[in-house]
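Participant: Sequence and computational prediction follow.
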Amino acid sequence: MTAGYGEGHNAAARALAAAFNEEAPDSALVVDVFALSCPRLNSFVRRAYLAAINGAPRLWRHLYAWMDRPGFMTRGIRMLGAQSRMLETVIERERPAAICSTFPAYAALLQRLSREGRFHAPHFNVVTDSISINSIWWRPGCDGWFVPNEDSADVMRAAGVDASRIHVTGFPVTPFFRRNEGIVSRPLLSEGAAPRVLYIVNSGTRHAEATARLLLAEEGWEVTCTVGRDESLRRALSAVAAGRGRQAHILGWTDQIPRMLMTHHVVVSKAGGATTQEAIAARCPMIVNQVVPGQEEGNCELLLRHRAGALATTPESVIETLRTAFSDRGRVWDGWRAALEPLARPDAARAIAAHVLAHVNRGAGEPCAGVPAATR
């Protein structure tokens, strides 16, 4: 179960379904009841969400803190009647052996259905955030939580979540990373290779053109820019790239981000959940150039805490940070790359699938809360 409020939720759901379907073809479905139940309203709310995180970050910070309060989901679930009915319809039709949710609102919906005797299968939350985890992920009960790293597990344990139900598996990323370990690689900076920089321009990215122009001005670097569906930016940067001595690639929307993360030395991007975790899986150090308050703060904190990347929020600081990383044949970059190794779990989706299947095969009972009543 997923929802389109941030690509991390959808990316995790797709990767997890792929892992289940590797074990048993056509056994897993990806479902978004928010899109199915109220498509027009869902589209409007998604646009409002993107406008808030990109255009009004202070407002979003307050909303994120408001959602973190006790009782938010209890009150909020009353507004999700259509989604709850659609969820029940899907459950009745598919009769799932288990449900994994990569979006936190499902836990409250499933908990209510369980109390009413209309849902009995095991349910697991796949947490897609790191460190700055909103309590809506754990206040409703479930059979277990899969978290991306020990830092996040520590946050949930400190909040009173049953430690035996917290499983540090990593973030479920596309199987491309696991399948291509040791096959797809980047040249060694220590042997004098030209640095390769990947710049991912997301919707709402600030200073995108200025940052890209400065990157393209560095003739000693190989540069790839992905600009999504911003055709005017693609044309402008393509004109700049045409005059470079060293080749550059200016791309629109692409599904080749996993491969590029494995073949470039550094990625410059906002600290989105999917991008950050895919960069970790690819062992590609990240320069974070923008952070959405709330859920993305923890992603940036994870990289900084482990010295596996850097924060640079202006075009000029991005360039200076990269120059430092690549100097002395990549000495700083080598440190970042080594720090990513213990965080990288490209097989996370398979690990989660194996755990869920083992739970189902044991015939475990109904979902339990796993959180002391005083914290709910």
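Facilitator: Yep, it's here.
Participant: What does the pLDDT read for residue 346?
Facilitator: Each residue has a pLDDT score; the one for residue 346 is 96.
Participant: and the residue lying closest to it once chain neighbours are set aside, how many neighbours does it have?
Facilitator: Excluding the flanking residues, the one nearest residue 346 by C-beta to C-beta, 6 or more residues apart in numbering is residue 177, at 3.8 Å. For glycine as for every other residue, the C-beta is placed from the backbone atoms N, C-alpha and C. Residue 177 has 26 neighbours, counted by other C-beta atoms under 10 Å.
Participant: right, and the helix or strand after the helix or strand where residue 177 lies?
Facilitator: Using DSSP states H and E, residue 177 sits in helix 175-179. Following helix 175-179 in sequence order, the next helix or strand is strand 196-200 (DSSP H and E).
Participant: which helices and strands sit right next to that next one?
Facilitator: Secondary-structure packing of strand 196-200 (3 or more C-beta pairs under 8 Å, 6 or more residues apart in numbering; DSSP states H and E): helix 208-216, strand 222-226, helix 257-263, strand 266-270.
Participant: between these, which one is nearest to residue 29?
Facilitator: Checking those against residue 29 by C-beta to C-beta gives helix 257-263 as the closest, at 22.7 Å.
Participant: Buried residues, the helix or strand bottoming out on mean pLDDT in the chain. List them.
Facilitator: When each helix and strand of the chain is scored by mean pLDDT, DSSP states H and E, helix 72-76 comes last, with a mean of 72. Under the neighbour-count criterion of 16 or more other C-beta atoms under 10 Å, helix 72-76 has 72-73 buried.
Participant: cool, stretch 202-214 as well?
Facilitator: Within stretch 202-214, the residues that count as buried by 16+ other C-beta under 10 Å are 202, 205, 207-209, 211-214.
Participant: where does the protein have low pLDDT?
Facilitator: Low-confidence segments of the chain (pLDDT under 70): 74, 364-376.
Participant: thinking again about what came up before, using PDB, write out every CA atom in the helix holding residue 177.
Facilitator: C-alpha atoms of helix 175-179 as PDB (Å, rounded to 0.1, in the frame of the first residue of the first chain):
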ATOM      1  CA  PRO A 175      16.800  -4.700  -7.500                       C
ATOM      2  CA  PHE A 176      19.100  -3.100 -10.100                       C
ATOM      3  CA  PHE A 177      21.500  -2.100  -7.300                       C
ATOM      4  CA  ARG A 178      21.800  -5.700  -6.000                       C
ATOM      5  CA  ARG A 179      22.000  -7.300  -9.400                       C
END
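Participant: Show residues contacting it.
Facilitator: Here helix 175-179 makes contact (C-beta atoms under 8 Å, 6 or more residues apart in numbering) with 15, 18-19, 22, 258-259, 262, 278, 281-282, 346-347, 349-350.
Participant: domains for this protein, by residue range?
Facilitator: Domain assignment for the chain, taken from automatic domain parsing, gives 7-173+347-375, 177-340.
Participant: what's the offset of the shortest one from the middle of its chain?
Facilitator: Read that as domain 177-340. The chain centroid and the centroid of domain 177-340 are separated by 16 Å under C-alpha atoms, centre = their mean, to the nearest Å.
Participant: With stretch 132-148 instead?
Facilitator: A distance of 15 Å separates the centroid of the chain from that of stretch 132-148, by C-alpha atoms, centre = their mean.
Participant: so how far does that stretch reach from one end to the other?
Facilitator: Using C-alpha to C-alpha, to the nearest Å, the span of stretch 132-148 from its first residue to its last is 12 Å.
Participant: buried sites along it?
Facilitator: Buried residues in stretch 132-148, counted by 16+ other C-beta under 10 Å: 132-148.
Participant: give me the element the nearest residue to residue 191 once chain neighbours are set aside is part of.
Facilitator: Nearest residue to residue 191, sequence neighbours excluded (C-beta to C-beta, 6+ apart): residue 329, at 7.9 Å. Element membership for residue 329, per DSSP H and E: helix 315-340.
Participant: ok, now how distant is the residue nearest to residue 191 from residue 187?
Facilitator: Remark: distance between residue 329 and residue 187 (C-beta to C-beta, to the nearest Å) = 12 Å.
Participant: Equivalent analysis for residue 122, please.
Facilitator: 46 Å.
Participant: So which of those two has more stuff around it?
Facilitator: residue 122 (21 against 14).
Participant: looking at it, that one is touching residue 99, isn't it?
Facilitator: Yes: assessed by C-beta atoms under 8 Å, residue 122 is found in contact with residue 99 at 7.5 Å.
Participant: just to revisit the earlier point, do you know which of the helices and strands packed on strand 196-200 lies nearest residue 115?
Facilitator: With C-beta to C-beta, the closest approach to residue 115 among the helices and strands packed on strand 196-200 belongs to strand 266-270: 38.9 Å.
Participant: Could I get the CA-only coordinates of that closest one as CSV?
Facilitator: What follows is strand 266-270 as a C-alpha-only set of coordinates in CSV (Å, rounded to 0.1, in the frame of the first residue of the first chain):
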residue,chain,number,x,y,z
VAL,A,266,28.9,12.3,-6.6
VAL,A,267,25.2,13.1,-6.9
VAL,A,268,23.9,16.7,-6.2
SER,A,269,20.2,16.7,-5.2
LYS,A,270,17.6,17.6,-2.6
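Participant: For it, which helices and strands make contact with it?
Facilitator: Against strand 266-270 (3+ C-beta pairs under 8 Å, 6+ apart) you get strand 196-200, helix 273-281, strand 286-290, helix 315-340.
Participant: now the second one and strand 196-200, what's the angle there?
Facilitator: Relative orientation of helix 273-281 and strand 196-200, computed by axes from the mean of the first three to the mean of the last three C-alpha atoms, to 10 degrees: 160 degrees.
Participant: if we look at helix 273-281, which residues are touching it?
Facilitator: With C-beta under 8 Å, 6+ apart as the test, helix 273-281 has contacts from 6-12, 128-130, 148, 170-171, 173-174, 177, 200, 202, 257-258, 261, 267, 269, 285-286, 295-296, 299-300, 302-303, 308-309, 340, 343-346, 348.
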